[in-house]
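**Q** any chance you can model this:
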Amino acid sequence: MLIKEADSRQSDLDELNALLALPHVNADTKQQIRQEIRNIQSGIKGETDAAFQINFHYENSHKWAVIHDLRLEFEGHAAQIDHLLINRFLEKKVPSYTAVPFLVTAPIINPIVLFATYSAFGNSLQFAFLRALGAIMIALVLGIFLGFFWKEPIQKENPIACHEHDFSDLRPARKVFQIFIQAIDEFFDMGCYLVFGCLFAAIVQVYVPTRILTSISASPILAILLLMLLAFLLSLCSEADAFIGASLLSSFGLAPVLAFLVIGPMLDIKNLLMMKHYLKANFIWQFMGIVTVFVLLYSYMIGVML
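**A** As a prediction, this is how the structure comes out:
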């Protein structure tokens, strides 16, 4: 179900073209304006392609809610999620050893994110492959852990007042109406945690200077842990984090940046807040520990081998 379409950037392009046409603008400024226009046009193309693919698969699905360009503002600062997809696999009786691996791999193992990673690192298949491989390995470890070693439900006992629905006796038109009602309920149940997570992430991005973080990377292990923490705090979109990671590559090297790319979509502030509402605290601690340890080991081993 599509709740919000992507926002139009045409007004921004019109304003920049109007500035470009002014007679008193010098050559350097015109060059900067042209570059900004190209950047916006490239971003529009990427987001349009992504939105088309998402809408094609999920727009008419009653199990999914789709929101494009979710923008949150606070005191002049903003955080944005380009594409948000909402579902509740666990409440649909999907086994935890299937739902949790999906949770950690879906933001990474998809053509849009992999292509963004490929492009961000100078058309590097290596980075896209290593990022996908890391996500698959972490998902396998979590699936094995939940399937063979975790013997209790991971959801809280009645985290919200739940009740069963039976719409089999409704007419088709009424069923369509109920689809909207259920999607709206799910969005508002999850939305408050998403808002607070994005707000905190925006505060970190604005008030924590990057130079403070980069100045303390003295060893490979410390650098990996530092960028893992940075990924957790920034809570970036899995499409955009590849470009941030590419800018950090010259300062930190392969292994820390790979850890940044793998752990960011799996474990960040937004995810943690939403998991805290629905999942047991004991499982969340186990989840955080497994993801952190295995991302650390995987990225360190890749750094040693390559």
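
**Q** switch to C-alpha atoms for all contacts and neighbour counts from now on
**A** Noted.

**Q** run a quick neighbour tally on the nearest residue to F252 once chain neighbours are set aside.
**A** Leaving out its chain neighbours, the residue that sits closest to F252 by CA to CA, 6 or more residues apart in numbering is A223, at 6.7 Å. A223: 23 surrounding residues under other CA atoms under 10 Å.

**Q** if I look at A223, how far off is A65?
**A** 37 Å (CA to CA, to the nearest Å).

**Q** in the stretch 201-306 of the chain, which spans are helices?
**A** 210-214, 220-234, 241-252, 254-266, 269-278, 281-305 (DSSP state H, counting those that start in this stretch).

**Q** please enumerate the helices of the stretch 1-150 of the chain.
**A** According to DSSP H, counting those that start in this stretch, the helices that the stretch 1-150 of the chain contains are 10-20, 27-58, 96-105, 111-120, 125-144.

**Q** excluding its own residues, what touches the third one? List them.
**A** Read it as helix 96-105. 89-90, 135-136, 138-140, 142-147, 153-154, 265-266 (CA atoms under 8 Å, 6 or more residues apart in numbering).

**Q** what's near enough to touch the closest residue to V113 other than its chain neighbours?
**A** Closest residue in space to V113, ignoring its immediate chain neighbours: E239 at 5.0 Å, by CA to CA, 6+ apart. Applying CA under 8 Å, 6+ apart to E239 gives the contacts I112, V113, A116, T117.

**Q** what's the local residue count around the second one?
**A** Counted with other CA under 10 Å, the neighbours of V113 add up to 23.

**Q** residues touching it, list them.
**A** Per CA under 8 Å, 6+ apart, neighbours of V113: P107, S238, E239.

**Q** what about F52, how many neighbours?
**A** Using other CA under 10 Å, F52 has 12 neighbouring residues.

**Q** nope, F102 is what I meant
**A** By the measure other CA under 10 Å, the count of residues near F102 is 16.

**Q** tell me the pLDDT at it?
**A** F102 carries a pLDDT value of 87.

**Q** repeat for D28
**A** 81.

**Q** what number of residues lie near it?
**A** D28: 9 neighbours (other CA under 10 Å).

**Q** how far away is it from L130?
**A** 40 Å.

**Q** how about H57?
**A** 26 Å.

**Q** the two: which is more packed in?
**A** L130 (17 against 10).

**Q** dump the residue contacts of the nearest residue to the more buried one once chain neighbours are set aside.
**A** In this structure, L130 finds its nearest non-sequential neighbour in L258, 7.6 Å apart by CA to CA, 6+ apart. L258 sits next to F127, L130, R131, S299 when contact means CA under 8 Å, 6+ apart.

**Q** ok, the third one to K270 distance?
**A** Just to be clear, that refers to R131. Remark: distance between R131 and K270 (CA to CA) = 21 Å.

**Q** which one of the helices of the stretch 201-306 of the chain is the most hemmed in?
**A** helix 254-266 (a mean of 28; mean count of other CA atoms under 10 Å).

**Q** relative to helix 220-234, how tilted is that one?
**A** Put simply, helix 254-266 runs at 30 degrees to helix 220-234, going by axes from the mean of the first three to the mean of the last three CA atoms, to 10 degrees.

**Q** average model confidence for helix 254-266?
**A** Helix 254-266 comes out at a mean pLDDT of 91.

**Q** stretch 39-56 too?
**A** In this model, stretch 39-56 carries a mean pLDDT of 73.

**Q** buried sites along that stretch?
**A** Applying a neighbour-count criterion of 16 or more other CA atoms under 10 Å, one finds I40, I44, G46, E47, A50, A51, I54, N55 buried in stretch 39-56.

**Q** stretch 16-31 now?
**A** By neighbour count on 16+ other CA under 10 Å, the buried set for stretch 16-31 is L16, L20, K30.

**Q** could you dump the residues you listed to TSV with distance to H77?
**A** Below are these laid out as TSV (distance: CA to CA, whole Å):
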residue	distance to H77
L16	22
L20	27
K30	27
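
**Q** out of the residues you listed, who's nearest A183?
**A** A183 has its nearest neighbour among the buried residues of stretch 16-31 in L16, at 38.2 Å by CA to CA.

**Q** on that earlier part again, among the contacts of L258, which one sits closest to F252?
**A** S299 (12.4 Å).
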